[in-house]
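Q: Output the structure for:
(chains A and B)
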Amino acid sequence: MMHLTRHPLDVAELLAQVHGPERGGTSVFLGTVRDDGDVTGIDYSAYEPMAFEEIERILSEAHGRWPGSRVMLQHRLGVVPVGEASIVIAAAAAHRDDAFAACRYVIEEVKKRLPIWKKEMHADGTATWVDPSGKPVAEGIRDR
Amino acid sequence: MGKISVRFFARYAELAGCTWSHVNLDTPTTVADVIARVREVFPGTEAMPPQPLTALNLRQVKLDATVTEGDEVALLPPLSGG
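A: Have a look, this model is predicted:
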């Protein structure tokens, strides 16, 4: 399965990837595009080869920290409408503590390390880059 | 002189006016020197912060990282994935 896709995310498919008889707990994190007022969607762009390698490194770290776990993620690129998922992470482990911990680890590292950028699309046709604190980038960037 | 690939993303691509280019510098050099040259060649990138996030050959690096001919330096706006 590819880590980056321009198609809607399929949670069931990701769950099937991490499922196994020796893993009794599975945790799923789903990030969806939120309407912060007049937002209709978010256009996600990436430095794709680096994002792919960084995802591989993050998943490998999770598997090392929680031996026996299996974690997968998919991040969507392109325009994602409000209410649809931009990222899904599925983490399965023998017990729930490890599944929750591995899932949490992966989303936090994704936020810190993945070279992916958000551009909010507004109802009036304008668009703004978003900075990591969630605020639109200041003056001069709002454009059509 | 060595040729170094430079990539711009998201807002920085808008500032630079392109997503990909190259600069020529005496090599080996540093990421900081590559960025200084980029600011000369692409005046719009002066609006980047003094120490932008950078990647060298697909890995995040600090500004003192060594750059040699053929390397790819990427200038990354604040990350906002997820």
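
Q: Please identify the buried residues of stretch B:45-62?
A: For stretch B:45-62, burial by neighbour count (16 or more other CB atoms under 10 Å in any protein chain shown) applies to B:Thr45, B:Met48, B:Pro52, B:Leu53, B:Thr54, B:Ala55, B:Leu56, B:Asn57, B:Gln60, B:Val61. No exception for glycine: its C-beta is placed from N, CA and C like everyone else's.

Q: so the fourth one makes contact with B:Gln60?
A: Yes. Counting by CB atoms under 8 Å, a contact exists between B:Leu53 and B:Gln60, whose distance comes to 6.8 Å.

Q: joint contacts of those two?
A: B:Leu76 (CB atoms under 8 Å, 6 or more residues apart in numbering or on different chains).

Q: if we take the buried residues of stretch B:45-62, which one ends up nearest to chain A?
A: The shortest approach to chain A among the buried residues of stretch B:45-62 belongs to B:Ala55, at 5.7 Å (CB to the nearest CB).

Q: quick one: secondary structure of the closest one?
A: strand (DSSP: H, G, I helix; E, B strand; the rest coil).

Q: if we can go back for a sec, near chain A, from the buried residues of stretch B:45-62?
A: Contacts with chain A are made by B:Ala55, B:Gln60 out of the buried residues of stretch B:45-62, judged by CB under 8 Å from any CB of the partner chain.

Q: In a markdown table, list the buried residues of stretch B:45-62 along with pLDDT.
A: A markdown table is the format used below for the buried residues of stretch B:45-62 (pLDDT from 0 to 100):
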| residue | pLDDT |
| --- | --- |
| B:Thr45 | 96 |
| B:Met48 | 95 |
| B:Pro52 | 96 |
| B:Leu53 | 96 |
| B:Thr54 | 97 |
| B:Ala55 | 97 |
| B:Leu56 | 98 |
| B:Asn57 | 97 |
| B:Gln60 | 96 |
| B:Val61 | 97 |
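
Q: could you dump the buried residues of stretch B:45-62 to a markdown table with distance to B:Phe8?
A: Compiled in a markdown table, the buried residues of stretch B:45-62 are given as follows (distance: CB to CB, whole Å):
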| residue | distance to B:Phe8 |
| --- | --- |
| B:Thr45 | 8 |
| B:Met48 | 9 |
| B:Pro52 | 10 |
| B:Leu53 | 12 |
| B:Thr54 | 11 |
| B:Ala55 | 12 |
| B:Leu56 | 15 |
| B:Asn57 | 16 |
| B:Gln60 | 16 |
| B:Val61 | 17 |
